[in-house]
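1. Next comes the sequence, and after it the predicted model I'd like to discuss.
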Amino acid sequence: MKKISPLIIILFYAQSALAQFNPLLYDWTSHPSSALYAPQTYTHHRFYLGIPALSHFQISFQNNGFTAYDLFGANNENFNKKWQNVLYNLKSSHGFLLHIGEQILDFGWKNDFSATTYHAGLRFDAEAFGFHPVSFYRFALYGNPGGQGVLELNDINFNAEAFYTLYFGFSRSNNPSFHYGMNFKIYNSAGNISSAYNNGKIYSIEGQNNYYTHVFENIRFDMRSSGVSMLVEKDKIGTKKVNKNQVQADLISRFLGTSDFGAGMDFGFEKIFNARLSYTFSILDLGFIYYNSDVFRIHSEGSYRYEGVHVEYPDTPKDYWEEIRTDFKQSVKTDTTRNGYIHLRPTRIYTSMKWTFIPDKEHETTACRDISAPESKPKLPPSLSFVGFYQNLQGHAYLGTGIVWEWHPTAWLDTRLSYTFDNYIQNNISVAIQWRIGHWYWFLTAENIMGLTDLGRSNGQRIQIGTYLAF
Amino acid sequence: MQKHLIFFAGFLLFISCSDKLDFKQAEDFRAEPVLSVDLFYTRLNGNDFYINDTIPIMEIRDTVPFTVFKEKPVKDGLQKIMLYVQVHNELPAAFQGKIKFLKNGQPIDSVYADIQSATTNQAFDREYVFTIIKDSVPEIVLTTDLAIHFQRTDSIDISHDNRMLKAQSRGDFYVVIQ
């Protein structure tokens, strides 16, 4: 029996990942970071300032299809039986996600005169996702005995990106029953590698001239990267000739800034039907990053059939292999280019319907929610929200829904409890707490509490922690 | 209250462990893929065994590339090769087929098949299956080419016979990945 630290589990999953459905921070009106999930969020604070580099750190992983326990559970089952069971049940819609986010700077202020709150900041995110290329796993582990098996190129779908976001946003209330917000973002990326929207199949059928015809049918494959080719070509990463110092220097150089800029925006609104009921909608990361530094792109397209070498016994020897290669290259054309490319951000949509539990007496006297006087209400009423989430992960829909309960037991303590379902984690119970000592606020969130009791069986975790000053 | 919060945070960290995992069992990993690949095929008629339709050739030979072992997992993990050769002989002549495994032109191993002549009414059909165990011929994984020979074992005149001697082949490569 071994104690496995959470870090090891996270590293195990951290081949690639990203977690975006963040219900605890969505529409958390007393939390400044909420503005990046719900731009319409009005802050209660007259002014806030995140402690540089400490104001908000988050790390998360998600994985569906199997868990670490399914493969590595210490249950005396044969390991090879276990991976075979995992592979049998694995689908190409199953994938893994990782996100590491760090708020480097953030601050905001409220202008009571114009009923507007402003927020701005700089953050760093490293995020990645991928889906299991099941047909390739099966080919690698079982082969194609008897010509069986199909390699599906659309199984290849992944993206990894590390970038800074400089943002400025506002939330405004033109009338007491409706307010909206926007964030404007400038991205600068350290690197990217992605492949998506691939097509085609490779399989074998009964041959006419030989046992089989190996068919490359309507192949279309794209992969593009920025900041990777120099590590491979110049620094020889992945080989014995790797220049570690140069790798380090090149990575530092990339993380200090590149010419790969992008722009994006978030938009959200809240419709307040009455003091108790409101509806929110947010669309986030409508934007792109244009990659033009250290770009390497590969594109293959075409169809080909192979029945083995046709031996012709010519008078002069033939280079059959060269003929096959030439024929293949002409049939399935592969281009490599260094041209820049636009990479769309994986846009997210949140929506919620919120019920605030205001006592009847107060409800009768309050036509609409007062968004400007938190100090006069040191203890906010509890609320219950139904939250929905959608994100397009390069052709795969990432859906989430659930409820969020917000409760403020004292004037200096906020709590949130959520119960959500999404593609990765079912029955996800999460908690968030925020407390203050004077003007100094601290917060901690932990998602999938049940998973924390046994990380080996967990399909995902997220931890967020941070501190800021607010007045 | 702050003590409770600290306790809560500590509790989260305390419980966030797993005591039921054993990553060492990955050392037991073993996969046994079988790769089934077409190798070569040929179509010969009678005058292929003659020069200018008059001078008989007792043996014809050609060399084809054998690239399977450029794939490191196959080269390193090979256990055996099952070589399937299907012969269909419509010619009224007998042959011996021979496949040599070559490393840079030098033979490593070879297999033979006696191909009988067709009868008046029926072509000769047979599938030959050869098994090459890597432990018996370790150098087999160094194969770079296959030499395909067809040798005549009789002298019947087939110079104007347009019927065919057909052969097709595939290899099943049994590999262990550990």
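-> Perfect, thanks for sending it.
2. alpha carbons only for contacts and neighbour counts from here, please
-> OK.
3. How about the one residue in the stretch 51-200 of chain A that gets nearest to chain B: what's its closest non-neighbour residue?
-> At 3.9 Å from chain B, A:Y142 is the closest residue in the stretch 51-200 of chain A, using Cα to the nearest Cα. Nearest-residue entry for A:Y142: B:P33, 3.9 Å, with adjacent residues in sequence omitted and distances by Cα to Cα, 6 or more residues apart in numbering or on different chains.
4. correct me, but the one you found touches A:Y137?
-> No. In this structure, B:P33 is not within contact of A:Y137 by Cα atoms under 8 Å, at 10.9 Å.
5. Among those two, which residue is more densely surrounded?
-> Each of B:P33 and A:Y137 has its neighbours counted (other Cα atoms under 10 Å in any protein chain shown); B:P33 has more, 23 against 14.
6. ok, now which ones touch the more buried one?
-> A:F139, A:A140, A:L141, A:Y142, A:G143, A:N144, A:P145, B:Y174, B:V175, B:V176, B:I177 (Cα atoms under 8 Å, 6 or more residues apart in numbering or on different chains).
7. now A:Q148
-> Contacts of A:Q148 (Cα under 8 Å, 6+ apart): A:Y203, A:S204.
8. in chain B, which spans are strands?
-> With strands called from DSSP state E, chain B shows them at B:34-45, B:50-51, B:55-56, B:59-65, B:78-89, B:95-103, B:106-115, B:124-133, B:145-152, B:164-175.
9. What of the stretch 101-250 of chain A?
-> Taking DSSP state E, counting those that start in this stretch as the test, the strands found in the stretch 101-250 of chain A are A:116-131, A:150-152, A:158-175, A:178-195, A:199-206, A:212-226.
10. These into TSV, with extra columns for mean neighbour count and distance to chain B?
-> Putting these into TSV (neighbours: other Cα atoms under 10 Å in any protein chain shown; distance: least, Cα to the nearest Cα, whole Å) gives the following:
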stretch	mean neighbour count	distance to chain B
strand A:116-131	23	22
strand A:150-152	19	13
strand A:158-175	21	25
strand A:178-195	23	24
strand A:199-206	18	9
strand A:212-226	21	6
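11. Ok, which of those comes nearest B:E127?
-> With Cα to Cα as the criterion, B:E127 lies closest to strand A:212-226 of the strands of the stretch 101-250 of chain A, at 14.9 Å.
12. Could you list the paired strands of the closest one along with their orientation?
-> If you go by DSSP bridges, strand A:212-226 pairs up with strand A:178-195 (antiparallel), strand A:199-206 (antiparallel), strand A:295-306 (antiparallel).
13. now for these, which one comes closest to A:V247?
-> strand A:178-195 (13.7 Å).
14. Which residues of chain B lie near chain A?
-> B:9, B:12, B:15-23, B:25-26, B:28-43, B:60-65, B:168-170, B:172 (Cα under 8 Å from any Cα of the partner chain).
15. Phi, psi for A:G395 please.
-> When read as degrees, to the nearest 10, the backbone of A:G395 gives phi 100, psi -10.
16. check contacts around the residue nearest to it when sequence neighbours are not counted.
-> Take A:G395 and drop its neighbours on the chain: the residue closest to it by Cα to Cα, 6+ apart is A:Y197, 7.2 Å away. Contact criterion Cα under 8 Å, 6+ apart gives A:N154, A:N157, A:F221, A:D222, A:Q394, A:G395 as the residues in contact with A:Y197.
17. which of these lies closest to A:G466?
-> Proximity of the contacts of A:Y197 to A:G466 was ranked by Cα to Cα; the top entry is A:Q394 with 30.8 Å.
18. Check whether the closest one really touches A:P346, as I assumed.
-> Yes. Judged on Cα under 8 Å, A:Q394 makes contact with A:P346 at a distance of 7.3 Å.
19. So if I had to pick from the two, which one is more boxed in?
-> When neighbours are counted by other Cα under 10 Å, A:Q394 and A:P346 differ, and A:Q394 comes out ahead with 20 against 16.
20. Could you pull up the contacting residues of that one?
-> A:N157, A:A196, A:Y197, A:P346.
21. Output those in a markdown table, with pLDDT appended to each entry.
-> Converted to a markdown table, the contacts of A:Q394 look like this (pLDDT from 0 to 100):
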| residue | pLDDT |
| --- | --- |
| A:N157 | 96 |
| A:A196 | 95 |
| A:Y197 | 95 |
| A:P346 | 90 |
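22. which one of those residues is nearest B:K100?
-> Proximity of those to B:K100 was ranked by Cα to Cα; the top entry is A:N157 with 42.7 Å.
23. Count residues in the vicinity of the residue lying closest to the closest one once chain neighbours are set aside, would you?
-> Once flanking residues are discounted, A:N157 sits nearest to A:A196: 4.6 Å by Cα to Cα, 6+ apart. A:A196: 20 surrounding residues under other Cα under 10 Å.
24. ok, now B:T120?
-> Count around B:T120 with other Cα under 10 Å applied: 9.
25. That one and B:N47, how far apart?
-> 19 Å (Cα to Cα, to the nearest Å).
26. Kindly report the same for A:E217.
-> With Cα to Cα as the criterion, A:E217 and B:N47 are 37 Å apart.
27. what's the answer for A:Q84, then?
-> A:Q84 is 54 Å from B:N47, by Cα to Cα.
28. Of these two, which one has the most company?
-> B:N47 (20 against 16).
29. Not counting sequence-adjacent ones, nearest residue to the more buried one?
-> B:S159 (4.4 Å).
30. and that neighbour, what does it touch?
-> B:G46, B:N47, B:D48, B:F49, B:Y50, B:D53, B:T54, B:P56.
31. so who does the nearest residue to the last one once chain neighbours are set aside touch?
-> In other words, B:P56. Nearest residue to B:P56, sequence neighbours excluded (Cα to Cα, 6+ apart): B:Y50, at 4.3 Å. Residues in contact with B:Y50 (Cα under 8 Å, 6+ apart) are B:P56, B:I57, B:S159.
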